[in-house]
Each structure stands twice: as structure tokens, then as C-alpha cells.
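In: I would like the atomic coordinates for the input below:
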Amino acid sequence: MSFSGFDDIPQWDASAPSTEDVVTTAIKKEKLIKEITAAQEDLRAMLAKAQSVQADVDKLASGNETLQMYIDNLTMQMAKRRGQ
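Out: Residues are numbered from 1 along each chain as shown. Next up is the predicted model:
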């Protein structure tokens, strides 16, 4: 079986890369890893902030429900008093 055309691709060549290429590649990879790590830390910080904001929203929603029940009870009491 022959894979014509694939033997011409230079990345698949069996020759050893030069030392400079290895060092340059290692530096690029290290820089990329640092960037990814920094991005992950930023995402963790944003997630923590989003969770904090969500907790605040949940507290406010609960408070709104309590206030609405209070308003409804007052409205019913006032209606009962007017009906008497």
C-alpha cells in the first residue's frame, strides 16, 4: 500500500531537528503553558465572582419573595377591614 504525497511533507521527515529548533520550540511551549495557566487563573477568578454575584442575586430574590408576601398579607388585611 502506498501513500503517495505523504512522503514529501517535511514535518514527517525522520531527520533530527537542530538544537536551535528544539530550544526555540521548548521556549514557545513554555510561554504557551504560562499563558494558558494565567488564562485558567483568570477564569477561576471570574467564576468565583460570578458565583458570588449569583449568591447575591439569590438572596435578593428571596428577600423580594418575602416582601411580596408581606405586601399581599397587608393588602388582604386592608381589604378585610374595608369590608367590615
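
In: For the rest of this, base every contact and every neighbour count on C-alpha atoms.
Out: Noted.

In: quick one: low-confidence parts of the chain?
Out: The chain contains residues with pLDDT under 70 at 1-17.

In: The same query, at a cut-off of 50, please.
Out: Applying pLDDT under 50 to the chain flags no residue at all.

In: Spatially central, which residue of it would that be?
Out: Leu43 (5.2 Å; CA atoms, centre = their mean).

In: Which element, helix or strand, includes that one?
Out: helix 19-83 (DSSP states H and E).

In: now that helix, how far from the centre of its chain.
Out: Between the centre of helix 19-83 and the centre of its chain there are 10 Å (CA atoms, centre = their mean, to the nearest Å).

In: list the helices and strands it packs on?
Out: Applying 3 or more CA pairs under 8 Å, 6 or more residues apart in numbering; DSSP states H and E, we find helix 19-83 packed against no helix or strand.

In: export stretch 66-73 as PDB, just CAs?
Out: The C-alpha trace of stretch 66-73 is given here as PDB (Å, rounded to 0.1, in the frame of the first residue of the first chain):
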ATOM      1  CA  THR A  66     -40.600  37.800  51.500                       C
ATOM      2  CA  LEU A  67     -41.600  41.400  50.800                       C
ATOM      3  CA  GLN A  68     -44.200  40.300  48.200                       C
ATOM      4  CA  MET A  69     -45.800  38.000  50.800                       C
ATOM      5  CA  TYR A  70     -45.800  40.900  53.300                       C
ATOM      6  CA  ILE A  71     -47.400  43.200  50.800                       C
ATOM      7  CA  ASP A  72     -50.000  40.600  49.900                       C
ATOM      8  CA  ASN A  73     -50.900  40.000  53.600                       C
END
